[in-house]
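Asker: This is the structure alone, sequence omitted:
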Ligand SMILES: Cc1ncc(COP(=O)(O)O)c(C=O)c1O
């Protein structure tokens, strides 16, 4: 990847003249069966551009209460897009289409009209859960019936593709826009893309410049992204298997049900454990194992391409002992 970056052909992307970026954007658009894609420095920017495309200022987005777009983007939908958000309760990655339908509000004189629905695939705070294809198809029919846009926060859509075997283009066909990240499971240092129609992406390019996301010789980053797409998608199955292995090792302590672990994220519920999240993470760190603390009694392990079998086996041996 470093070599690909060092030898990348570059141009000025603010003038849309970077050939490596063109290649990355065309590659990702084609993977999802869309007309166009636009590189962004972060998944947050890709999501927020998509939301600004779908929802006029003052109008409404629906998503679940734990969605990254409302929980982890520092209020960007409201602060930058003037977007009103309303959420349904989050239960893992589950989406109850009937609940979503009950929340959609039509245009009128009083109520805030619903313009878009966003889902997250896989779901970060939902423990890496995967939304079944049939649910997404039902959601598409629903949003079509109501004239509402559908966005996918697909930061980890690659993991869903590998876990459920659904072609990326089949996911792509269901959404008006998707955001996808190169910098998480795929291992690139920087970068996400927003994917959509040619017209939407032309507007997104202007909005990206407004948000300070226009970059110059970004082909160096695009080369890393192309390398990641070519080399690091299929191997995600390895990360999923390792997460499952860790879950099985932790299961006797009662903090996780291995059956629920579908991808590379392993939430541990420490409600009944001896240590709370902060103390567990500190104890794990002493053994060189990094754990994210998501709440007083909730932590998250993530498997990724920089791990080794030996390292995972070591974690599987040490972590249950800490509890
Ligand atoms: C589901 C999801 N969407 C979007 C993002 C945002 O990505 P970034 O950190 O690149 O802004 C993240 C980051 O963890 C995420 O988990």
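Answerer: Nice, thanks for sending it over. On a predicted model such as this, the values are computed, not experimentally measured, just so you know.
Asker: When you work out contacts or count neighbours from here on, use the C-alpha atoms and nothing else.
Answerer: Noted.
Asker: what about residue 230, how many neighbours?
Answerer: Here the count is done by other Cα atoms under 10 Å, and residue 230 has 11 residues near it.
Asker: what about it, which SS state?
Answerer: With DSSP: H, G, I helix; E, B strand; the rest coil as the basis, residue 230 sits in helix.
Asker: contacting residues for the most centrally placed residue in the chain?
Answerer: In the chain, the residue lying closest to the centroid (Cα atoms, centre = their mean) is residue 155, at 2.3 Å. Neighbour list for residue 155: 43, 120-122, 179-182, 184, 192 [criterion: Cα atoms under 8 Å, 6 or more residues apart in numbering].
Asker: Please apply the same query to residue 217.
Answerer: Contact analysis of residue 217 by Cα under 8 Å, 6+ apart lists 10-13, 18.
Asker: Residue 229 contacts residue 186, doesn't it?
Answerer: Yes: here residue 229 reaches residue 186: they are 7.0 Å apart, a contact under Cα atoms under 8 Å.
Asker: So for the two, which residue has more residues nearby?
Answerer: Neighbours around residue 229 and residue 186, counted as other Cα under 10 Å, are more numerous at residue 186. The numbers are 25 against 19.
Asker: Distance check, whatever residue of the stretch 151-300 of the chain ends up closest to the ligand against residue 192.
Answerer: Nearest residue of the stretch 151-300 of the chain to the ligand, counting by Cα to the nearest ligand atom: residue 155, 4.8 Å away. Computed as Cα to Cα, to the nearest Å, the residue 155 to residue 192 distance reads 8 Å.
Asker: Kindly report the same for residue 144.
Answerer: As judged by Cα to Cα, residue 144 and residue 192 stand 27 Å apart.
Asker: out of those two, which sits in the more crowded spot?
Answerer: residue 192 (27 against 12).
Asker: How many neighbouring residues does the closest residue to the more buried one other than its chain neighbours have?
Answerer: In this structure, residue 192 finds its nearest non-sequential neighbour in residue 181, 4.2 Å apart by Cα to Cα, 6 or more residues apart in numbering. By the criterion of other Cα under 10 Å, residue 181 has 28 neighbours.
Asker: quick one, what contacts residue 181?
Answerer: So residue 181 contacts 42-43, 154-156, 191-193 (Cα under 8 Å, 6+ apart).
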